[in-house]
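1. Okay, here's the prediction I keep looking at, along with the sequence it came from:
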Amino acid sequence: MKVIPHLWFEKDMESALRLYTSLIPGSKIESLSTLPAETPSGPPGSVKIASFMLGDQHYRGLEAGPLDAFNHSFSIIVECDSQSEIDKLWAALGEDGTIEQCGWLKDRWGLSWQILPRQLGELINDRDPAKAQRVTQAMLKMVKLDIAALEAAARG
C-alpha cells in the first residue's frame, strides 16, 4: 500500500511542476501525459496527468480545469537548512503569488506552501516555556521567517 498526495490544477500544471522540481533538490517529473478519452473536463487529450517527486515525496497531479481551488487545508511544508534556502524558495514560489504571515505563501497557482527553518520545531517545543513563548511570539510577527531573529528570540 502507498499513500500519495494528489493535486488538481486548473491550468498550467506543467509550468508549476517544472518550477517546483527546479527548486527542491532530489525532485523530478516522472511522467506527464494526457488522458486519451473524453472526460467530464473535456475531449480526449484535454486532461493532463502527472507523476512527480518533490524531494523524497511522491505526488500525482491532474490538470482538468476549474473545480475546487487550492486552499490552506492542504499545504506543502519545506524545511530549510539555511536562510539562503528560505530566501530562494520564498522569492521563486512567492513570485506572482500571495505572501502570508508566519512563513506561509500561496504560489501563482494558488497552492499553499510553508517555508520553514528546520530548527523551528525544536525552538517552539523547547522544554523552557519562556524560550518557546519568545520564539513563537517572534514567529507570529514575521512574514518570511528569519532564522537569526528566531534564534535571537530563543536566547532572550
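-> Thanks, I have it. This is a predicted model, so every value here is computed, not measured.

2. Do a quick rundown of the helices in this protein.
-> Along the chain, counting by DSSP state H, helices occupy 13-23, 83-94, 120-124, 129-140, 147-155.

3. Going by contacts, tell me the helices and strands next to the first one.
-> It refers to helix 13-23. Helices and strands touching helix 13-23, by 3 or more CB pairs under 8 Å, 6 or more residues apart in numbering; DSSP states H and E, are strand 28-34, strand 48-54, strand 57-63, helix 83-94. Quick note: C-beta positions are derived from backbone N, CA and C, even for glycine.

4. and with 10 Å instead?
-> Applying 3 or more CB pairs under 10 Å, 6 or more residues apart in numbering; DSSP states H and E, we find helix 13-23 packed against strand 6-9, strand 28-34, strand 48-54, strand 57-63, strand 75-80, helix 83-94.

5. So what's the gap between it and the chain middle?
-> Put simply, helix 13-23 sits 11 Å off its chain's centre (CA atoms, centre = their mean, to the nearest Å).

6. For that helix, output the C-alpha coordinates as CSV.
-> Taking Å, rounded to 0.1, in the frame of the first residue of the first chain, the C-alpha atoms of helix 13-23 are listed here in CSV:
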residue,chain,number,x,y,z
MET,A,13,0.4,22.2,-14.3
GLU,A,14,3.5,21.5,-16.3
SER,A,15,4.9,25.0,-15.6
ALA,A,16,4.1,24.6,-11.9
LEU,A,17,5.9,21.2,-11.8
ARG,A,18,8.9,22.5,-13.7
LEU,A,19,9.3,25.3,-11.2
TYR,A,20,8.7,23.1,-8.1
THR,A,21,11.2,20.4,-9.3
SER,A,22,13.8,23.0,-10.2
LEU,A,23,13.7,24.4,-6.7
